[in-house]
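Asks: Here you go, sequence then predicted model.
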Amino acid sequence: MKKLVLATAALALSAGLASADTVRMGTEGAYPPWNFINDKGEVDGFERALGDELCKRAELTCEWVTNEWDSIIPNLVSGNYDVIIAGMSITDEREQVIDFTQNYTPPDPSAYLALSADLDVEGAVIAAQTNTIQAAFVAEHGWTLVEFATPEETIAAVRNGEADAVLADKSYLAPVAEAEADLVLLEREEAIGGGVGMGVRESDGELKAKFDAAIQSMKDDGSLNALISKWEVSSTF
């Protein structure tokens, strides 16, 4: 589904998972329906439900940690948590810094949310969250890009006229379009990224293998597709 790293992460610390009693699951907590903070102040959403089930199948004790998106990979590498599960698309650039499990969703189409349905995006000002595959897509095409630290700020930029449209995962933008009559999804969509996976440190091959096996078991028994459909985050496998 979403995001590219634009800054170079620090070298991984040698402290691995072997001696840890608890696997710390790092997420953003600001990208519904993938991950968000609910009224109880707890991590919620598709990835909370998925992560809890994967930990159960892998026989791991897990706890949840939130981290801002722009430092989410460096803080994995430096040991602040053990896994990223945050709507992160698998990309070649990211794989130069961390490893990924197999994908747990197919690629999610990226969509444009705008004030006008007839907007020409190629001549418009497009907002995107910093360090995302959408920001990279706009930049690579030479269009006018404005970047923001959070998803909420990209939407606000369209509302207040700083941008003509926002490019993000369709699963994130569709509920916003339904809730706000002044904002519309454009017919044009973009196919970006190679699906969403869990990020782990390159030194944590054993942990990666455990989550790979758990993801595969959910694919095999149909429970992953059921969870994807429940939360409407992407197409099913």
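Replies: Now that the structure is in, tell me what you want to look at.

Asks: How about residues contacting the lengthiest strand in the chain?
Replies: In the chain, with assignment by DSSP state E, the single longest strand is strand 184-190. Residues outside strand 184-190 that contact it (Cβ atoms under 8 Å, 6 or more residues apart in numbering): 109-117, 119, 121, 134, 137, 165, 167, 170, 173-174, 177. Just so you know, the C-beta spots here come from the backbone N, C-alpha and C atoms, and that holds for glycine as well.

Asks: From E187, how far off is P33?
Replies: P33 sits 22 Å away from E187, going by Cβ to Cβ, to the nearest Å.

Asks: Name the residue in these two with the higher neighbour count.
Replies: P33 (19 against 9; other Cβ atoms under 10 Å).

Asks: related to what we said a few turns ago, out of the contacts of strand 184-190, which are inside helices?
Replies: The helices, defined by DSSP state H, take in Q134, F137, K170, L173, A174, A177 from these.

Asks: burial of the second one, as a residue count?
Replies: This means F137. Neighbourhood size, F137 [other Cβ under 10 Å]: 20.

Asks: Tell me the pLDDT of it.
Replies: Predicted confidence (pLDDT) for F137: 96.

Asks: again, but for the last one
Replies: pLDDT, the model's per-residue confidence, is 97 for A177.

Asks: Please name the nearest non-neighbouring residue to it.
Replies: Leaving out its chain neighbours, the residue that sits closest to A177 by Cβ to Cβ, 6 or more residues apart in numbering is L185, at 4.7 Å.

Asks: on that earlier part again, show the buried residues in the ones in helices among the contacts of strand 184-190.
Replies: Buried members of the ones in helices among the contacts of strand 184-190, counted by 16 or more other Cβ atoms under 10 Å: Q134, F137, K170, L173, A177.

Asks: Brilliant, that's me finished.
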